[in-house]
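*Asks:* I'll drop the sequence and a predicted model, then ask my questions.
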4 protein chains.
Amino acid sequence: MNYKKIFTEIENEFPKMEDPGRVPSYIPELGSIDPEKFGIHLATVTNRNYSLGDSDEKFSLQSIAKVLALTLAFKLEDENLWNRVGVEPSGTPFNSLVQLDFEKGVPRNPLINAGALVICDVLVSRLKNPRHEFLEFVRNFSGNPNIDYNMKVAESEKQTSHRNAALINLMKDYGNIKNDIGIVLDFYFNLCSLEMTCKELAHVFLFLAAHGTHPKTKIEVISGSKAKRINAIMLLCGFYDEAGEFSFKVGLPGKSGVGGGIIAVHPEQYSIAVWSPRLNKKGNSYKGMKVLEFLTDRTQSSIF
Amino acid sequence: MNYKKIFTEIENEFPKMEDPGRVPSYIPELGSIDPEKFGIHLATVTNRNYSLGDSDEKFSLQSIAKVLALTLAFKLEDENLWNRVGVEPSGTPFNSLVQLDFEKGVPRNPLINAGALVICDVLVSRLKNPRHEFLEFVRNFSGNPNIDYNMKVAESEKQTSHRNAALINLMKDYGNIKNDIGIVLDFYFNLCSLEMTCKELAHVFLFLAAHGTHPKTKIEVISGSKAKRINAIMLLCGFYDEAGEFSFKVGLPGKSGVGGGIIAVHPEQYSIAVWSPRLNKKGNSYKGMKVLEFLTDRTQSSIF
Amino acid sequence: MNYKKIFTEIENEFPKMEDPGRVPSYIPELGSIDPEKFGIHLATVTNRNYSLGDSDEKFSLQSIAKVLALTLAFKLEDENLWNRVGVEPSGTPFNSLVQLDFEKGVPRNPLINAGALVICDVLVSRLKNPRHEFLEFVRNFSGNPNIDYNMKVAESEKQTSHRNAALINLMKDYGNIKNDIGIVLDFYFNLCSLEMTCKELAHVFLFLAAHGTHPKTKIEVISGSKAKRINAIMLLCGFYDEAGEFSFKVGLPGKSGVGGGIIAVHPEQYSIAVWSPRLNKKGNSYKGMKVLEFLTDRTQSSIF
Amino acid sequence: MNYKKIFTEIENEFPKMEDPGRVPSYIPELGSIDPEKFGIHLATVTNRNYSLGDSDEKFSLQSIAKVLALTLAFKLEDENLWNRVGVEPSGTPFNSLVQLDFEKGVPRNPLINAGALVICDVLVSRLKNPRHEFLEFVRNFSGNPNIDYNMKVAESEKQTSHRNAALINLMKDYGNIKNDIGIVLDFYFNLCSLEMTCKELAHVFLFLAAHGTHPKTKIEVISGSKAKRINAIMLLCGFYDEAGEFSFKVGLPGKSGVGGGIIAVHPEQYSIAVWSPRLNKKGNSYKGMKVLEFLTDRTQSSIF
C-alpha cells in the first residue's frame, strides 16, 4: 500500500482545511494547547513508519489511556472482569447516569467514564502501587521508558470533575466500587494524564494489531483471543455516541480522547495515531475523524 | 480452512446439547415450530458449500429481512437515508421508546424495529408495489425464484404487534413517517414473514461478503462502499442488546431474527446461516450464538 | 366574601393585560378561536353566581372533561379502578412514554392522556353506548340538557393525534386496554370535544364542592368520600407539569384544558370556571392561571 | 371533634395490628431501634393536646427536618429560592438522577434529597454557623430549648450515603451548589439527625397550621402566604412516590422520614405527629400512614 503518497495528500489538504471544532475548556491545563497542532503516525506490524506534522510532540491521551488500563485489568482478571462491567455500547451520552442507575451500578462498557472507573478500581485492588506499576507495564511492553504522566493535567482535572465523582459515588452506592473513592479517582486522573507523541502512541498500540504480542519487544502483552476482544470493544464503544459513525465511515477499531488524539488499529496490518485538538460536537477530534475517513477510503482499508 | 472437520464436530456436539432457550409465543404462527430444528449452511465467496441438519428447511427470517430492506433503501436513497435514521447502536431495549422520543422520532439505526419501519416507509414512498418489487429485487440478485413471503405469519403478527403500532405512531407524530401507517405496517409484516432455508439465506447474503456484487449472479446489488457500511451497521446493531457480546465473542457482522435464524458474514470469505428456534433472554437463538462462537473460535476467523 | 368587588377589579385589569401565551395550532378546529375571548363564572354551593366577559359562550372542554369521565368510572368500578391507573403525579411531560413503559402500561394518574384513555376503556367496557350514556350522565346530574359534544372538533383531533395512538397501543401491548383501540380513541375524542360555557362548567363541577351531591339537582353524583378523592387527584395531577405551581400559587384543586378553560373547586364553598384561549408554555391558559392566582390571593381563599 | 374517643380506638387497634413493614438497615444507627415503638401526638391551634403510646420518646426526624430547613431558607431568600429548586412533584424515585440530569441540576422540589441539598447549600451561604443558627431558629420559635441533633446518627449516615454524594456532585457539575461539597453534606446530615418526641414535633409544626405564626410563642416564623405555600409543597411532595396516595387517602399536607415519623398539618386546626419505625415499600411508616388514614376518615377531616 502506498501510504507515502496518501500521507502527502493529507499533508497538502488537511492542515489548512477549515476546522469548525473547538478545544474543550473544562480542563484548564488542556485549554491552553495550540489548536493548530496536527500530527499523524502510522506504524505497520512489519515495522514500517509514516509520519507527518507534529507527530513527535507529546499530547494528553485522556480517554485513549482507558484501553491500556483495560488491557492490564483483563490480563489480571480474565473473564471475571465482565461481572463488573459490560461489553455493550452505551447509547446516548444523555443516558449515562440513567443507565448506570437502571443497571444497578454496572457500566455498559469499560471505555465510558463509569466503566473506566471500575477498571481503575480493579487495578487499585490488584496492584500494590497502581500508579507506578501501570506505568511500568506500558513502558515495558512498548520498550519505551519515556512515557509518563503529566501531574499538572491530573491535578487540573481533579478540581473540576464533579460528574465523575457523581458516577463513582453512584457505583459505590451499588457496591461496584471496592476501594476508597478518593484513591480510585486519583489513579483515574493520573491514567488520563498519560502523555505520548503520535509516534509513541502508534507504537504502543501495535500489540492490538499483532494478536496481542508487541512486534518490537516480542512481549506477549495479552493473549491473541483477548486482543481480538479488546478490538471488538473499541469498535463498538470507542467513540462515545459516534461509535456507529466511526465504524460506518472508517471501519476500524479505535479510541479517541478529549486531548484531540485518536488511535485506530487495523488487525494484522497497522496502528495509526492522529492528533488535532479541536473537537466536534460529540467530543472527538474533528480533523482526526476526517483524516481517518480519508485514509481508509483511499486505501480501501477496513475490517468490513 | 477445514470447515468440513469443524462441521462434523458441530454435528456431534450441538444438536444434543442442552438448550435453556425458549421459543417465543407472542407470534402464534411461529410458536408451533419444532424447537429441535437445527440447521447450518456456510457458503464461501468461491462457491464452496458446507451444510448440516435441517439446512434445507424453510424458516421465518423475521428481523434478518431488515438487512435486505435496508440494502434496497440505501441503494435508492444514498446518503439521504441517514437524515431519517441513525447508524448508532441503541443501548438497552428498555430505552427504545425513550430514545425515539428524546431524539424526536429519528430511530438510532435501521435494524431496530423503529428504524426498520422508517426503511419500510422509504420503500413505500419509492416503489409502486413495494411488496412485489422488494421480493423481485431479492429473487433477482440471488438468482433464486423460490423465495417468498408467508402470508399466515404476516397476518399473525399484524394482530399482535401493538408495540410496533406505538413506535410508528410516535414517529408519525414527529413527522418521520410519510405514508399511511396501515400501509407501512402491512409491508413491514410482509417483509418479516420472508422465508428461506439456511442454504438460501447464506447464498442471498453472499453479496455482503463480496464487496456488494453477488458472486453467483454477478449482479452488483449495491456498491462496495455501501456493502462495507451495511456490514458495519450489522456489527454494531445486529443483535439488539447483545451486539457487543456477539462482536466480543464471535467477531463478525451479523443479524438475528426471532424465528431462530442468524446470518453472519466474514468479508471476502463466507456467509453462514444458522437456524435453531429456541431463543436466549436477549431474543437471539441460543444455539445459533453458541455455534458461531464455536466456529469462529476454531477457525480463528474474525474481523478483529 | 365580596366576590363582586374582586370581579370588578378583574374586569378592569385582566382583559387588556398583555398575554404572551399562544393558541395551540395542532387541533385545526381549535386554532380558529378568537384569542381575545375572556370569561369567568363563579358559582357558590349556596347558589350565588358571579360572571364576567364571555361567560355565556361555549368553548371546548378538552382535558377538563377527563374529570367527568373519571367520576363516572370511579362510581362504577370503585376501588378496582386503581388496579389499572395510579393516583400519583406524573413528573415531566418528557417522561410520559418512558414512565408508561417503565411501569408496564399502568398510567400514573387518570388525568394524563394515557390515564384518561384507560378511563375511556373502562367506560367502553361498562356502558352499552358510552358516547350517549356518558352525555346523559352529565346532563342529568347537572340538570342541563344543553350540554353536547362538538363533532367537528372530535373529528379534527382524530386526524392528528398520533401520540395518543402511540400511548394506547403501548398500553394494549401491556394488556391494559381491553377493547378495540379505534372504539376507545373514538370515545376519547368525543369526550374531549364536550362544550360548555363558563357558567355551565362551573355549575356542572359544583358537586365536587359539595361532598359529591349536586346542590341544584340534589342528585348524589358520587359519594362524599369519592368526591374528596377526586379533588385530591385534581390538585396533584390537574395541570400537567404545572400542578405544583398551581397548588403553590392558587391552592385549589382544578383542571385545565387546551381549549383555554380552567375549572377550580373550593370544597364547601364554590367552583369557578375561567376561559382565555392563549396557553402558556406548559399548556395551561396564561390568563386563566393569573386570574385564579389573583382571586385566591384577594379572597385569602385556599385549602392550605 | 371527639379526638379522645378516636385516640382510644387507635390505642385498641393499632399497636397490636400486624405490620408487614421493615426497619431500614442502611443507616446503622437507626437499624437498632425497637420496631414496636408507637406514638402519636395531636396538638390543636387552640392548645388542646392528645397523646398515646411512646409519644414522649425522641426519634430521628430524618427527612421531616427538610421542611424546617425549607422554612428558614424561604424566609431568607423569598422568591429567589425558586431559581434554584422547583415546586413540582418528582414522579418515580427511579427518576431522581435522570430528572436532575435532564433538568440541568435543578431539583424538582425542596423535599427530595437533591432539593434539600440545595436548601442546605443556601443556608450554608446565608448563615455564619449554619449548624448552630438553624438549631437556634427551631428552638426559638417553638419555645423548646431541648431540641438537638444526634451526632452519632449524623456520623453514621455520612459513612454510607454515596447516593447523596452522587446527587450533590452532579448538581455541583451544573453549578447549582455554591459551597464546598463536604461542608454542605455535613450540614445536611446534621439536619437529618434532629431528634424530637411526637409531642415536640407536633408542637414545632403548629406554625404551619396557624398561618405561619407559632400559637404558643406568638413568633411569626414565616408569613401566612409562605406558610400556605409550604403546606402546598408538603401535600404534593411530602411522601416521595406516595404523595398522591397520601393525598388521596388522608388529604392533609405532611412529611415522612425514614426514622418512622410522619408529621401532618390540618390548616387552622391541628398538627399531628405519628411514630412507628417499620416502613412500607415506598419508605414511609406503614402504621403511620394507616393511622392517619383512620383518623381523617373518622373525623371527616381533610382539606378536600
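*Replies:* Nice, I can see it.
*Asks:* for A:Lys255, identify the helix or strand it belongs to.
*Replies:* Element membership for A:Lys255 (DSSP states H and E) is strand A:254-256.
*Asks:* run through the neighbouring helices and strands of that strand.
*Replies:* helix A:224-237, strand A:261-266 (3 or more CB pairs under 8 Å, 6 or more residues apart in numbering or on different chains; DSSP states H and E). No exception for glycine: its C-beta is placed from N, CA and C like everyone else's.
*Asks:* list the buried residues of the last one.
*Replies:* Spelled out, that is strand A:261-266. A:261-266 (16 or more other CB atoms under 10 Å in any protein chain shown).
*Asks:* got the residue ranges for the strands in the stretch 151-300 of chain A?
*Replies:* A:195-196, A:254-256, A:261-266, A:270-275 (DSSP state E, counting those that start in this stretch).
*Asks:* as TSV, the ones you listed with mean pLDDT and distance to B:Ser256 would be great.
*Replies:* TSV is the format used below for the strands of the stretch 151-300 of chain A (pLDDT from 0 to 100; distance: least, CB to CB, whole Å):
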stretch	mean pLDDT	distance to B:Ser256
strand A:195-196	98	40
strand A:254-256	97	26
strand A:261-266	98	27
strand A:270-275	98	32
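*Asks:* which stretches of the stretch 1-150 of chain A form helices?
*Replies:* A:3-13, A:28-31, A:65-77, A:96-102, A:113-126, A:130-142 (DSSP state H, counting those that start in this stretch).
*Asks:* is it possible to export those to CSV including distance to B:Asp56 and mean pLDDT?
*Replies:* Formatted as CSV, the helices of the stretch 1-150 of chain A follow (distance: least, CB to CB, whole Å; pLDDT from 0 to 100):
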stretch, distance to B:Asp56, mean pLDDT
helix A:3-13, 47, 92
helix A:28-31, 61, 81
helix A:65-77, 42, 98
helix A:96-102, 43, 80
helix A:113-126, 44, 97
helix A:130-142, 50, 98
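*Asks:* can you tell which of the ones you listed is closest to chain C?
*Replies:* Among these, helix A:96-102 comes nearest to chain C, with 9.0 Å by CB to the nearest CB.
*Asks:* off-centre distance for that closest one?
*Replies:* Remark: helix A:96-102 is offset 22 Å from the chain centroid, using CA atoms, centre = their mean, to the nearest Å.
*Asks:* contact partners of it?
*Replies:* Applying CB atoms under 8 Å, 6 or more residues apart in numbering or on different chains, the contact partners of helix A:96-102 are A:90-91, A:106-108, A:112-114, A:166-167, A:170-171, B:91-92, B:94-95, D:94, D:97-98, D:101, D:170.
*Asks:* send me that helix as PDB with only the CA atoms.
*Replies:* Extracted in PDB, the C-alpha atoms of helix A:96-102 (Å, rounded to 0.1, in the frame of the first residue of the first chain):
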ATOM      1  CA  SER A  96     -25.000   7.700  31.200                       C
ATOM      2  CA  LEU A  97     -26.400   8.300  34.700                       C
ATOM      3  CA  VAL A  98     -29.800   6.800  33.800                       C
ATOM      4  CA  GLN A  99     -28.400   3.500  32.500                       C
ATOM      5  CA  LEU A 100     -25.900   3.200  35.300                       C
ATOM      6  CA  ASP A 101     -28.800   3.600  37.800                       C
ATOM      7  CA  PHE A 102     -31.100   1.400  35.800                       C
END
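*Asks:* which residues touch the strand holding A:Lys255?
*Replies:* A:63-64, A:66-67, A:111, A:234-235, A:238-240, A:246, A:262-265, A:283-285, A:288, A:292.
*Asks:* keep the residues you listed, but drop any that are not near chain D.
*Replies:* By CB under 8 Å from any CB of the partner chain, no member of those lies near chain D.
*Asks:* any idea which residue of chain A lies closest to chain B?
*Replies:* A:Gly91 (2.5 Å).
*Asks:* number of residues surrounding the residue nearest to that residue when sequence neighbours are not counted?
*Replies:* Leaving aside its sequence neighbours, A:Gly91 sits nearest to B:Gly91 (CB to CB, 6 or more residues apart in numbering or on different chains; 2.5 Å). As a burial measure, B:Gly91 scores 22 neighbours (other CB atoms under 10 Å in any protein chain shown).
*Asks:* wait, B:Gly91 touches A:Pro89, no?
*Replies:* Yes - using CB atoms under 8 Å, B:Gly91 is in contact with A:Pro89, at 6.8 Å.
*Asks:* overlap in contacts of these two?
*Replies:* A:Arg108.
*Asks:* first-to-last residue distance for stretch A:239-258?
*Replies:* With CA to CA, to the nearest Å as the measure, stretch A:239-258 spans 11 Å from end to end.
*Asks:* what of stretch A:249-257?
*Replies:* 19 Å.
*Asks:* over to stretch A:248-266?
*Replies:* Termini of stretch A:248-266 sit 15 Å apart (CA to CA).
*Asks:* from the chain's centre, how far out does it sit?
*Replies:* For stretch A:248-266, the distance to the chain centre is 8 Å (CA atoms, centre = their mean).
*Asks:* next one: stretch A:239-254 to chain centre, how far?
*Replies:* 13 Å.
*Asks:* quick one on the thing from earlier: of the buried residues of strand A:261-266, closest to B:Glu220?
*Replies:* Closest approach between those and B:Glu220, by CB to CB: A:His266, at 25.8 Å.
*Asks:* ok, so of the buried residues of strand A:261-266, who is nearest chain C?
*Replies:* Of these, the one sitting nearest to chain C (CB to the nearest CB) turns out to be A:Ile262, at 33.9 Å.
*Asks:* show me the contacts for the nearest residue to the closest one once chain neighbours are set aside.
*Replies:* Nearest non-adjacent residue to A:Ile262, counting by CB to CB, 6+ apart: A:Gly288, 4.1 Å away. By CB under 8 Å, 6+ apart, the contact set of A:Gly288 is A:256, A:260-262, A:274-276.
*Asks:* mind running it again at 7 Å?
*Replies:* A:256, A:260, A:262, A:274, A:276 (CB atoms under 7 Å, 6 or more residues apart in numbering or on different chains).
*Asks:* quick check: bridge partners of the third one?
*Replies:* On the basis of DSSP bridges, A:Ile262 is bridged to A:Ser256, A:Val274.
*Asks:* lovely, talk soon.
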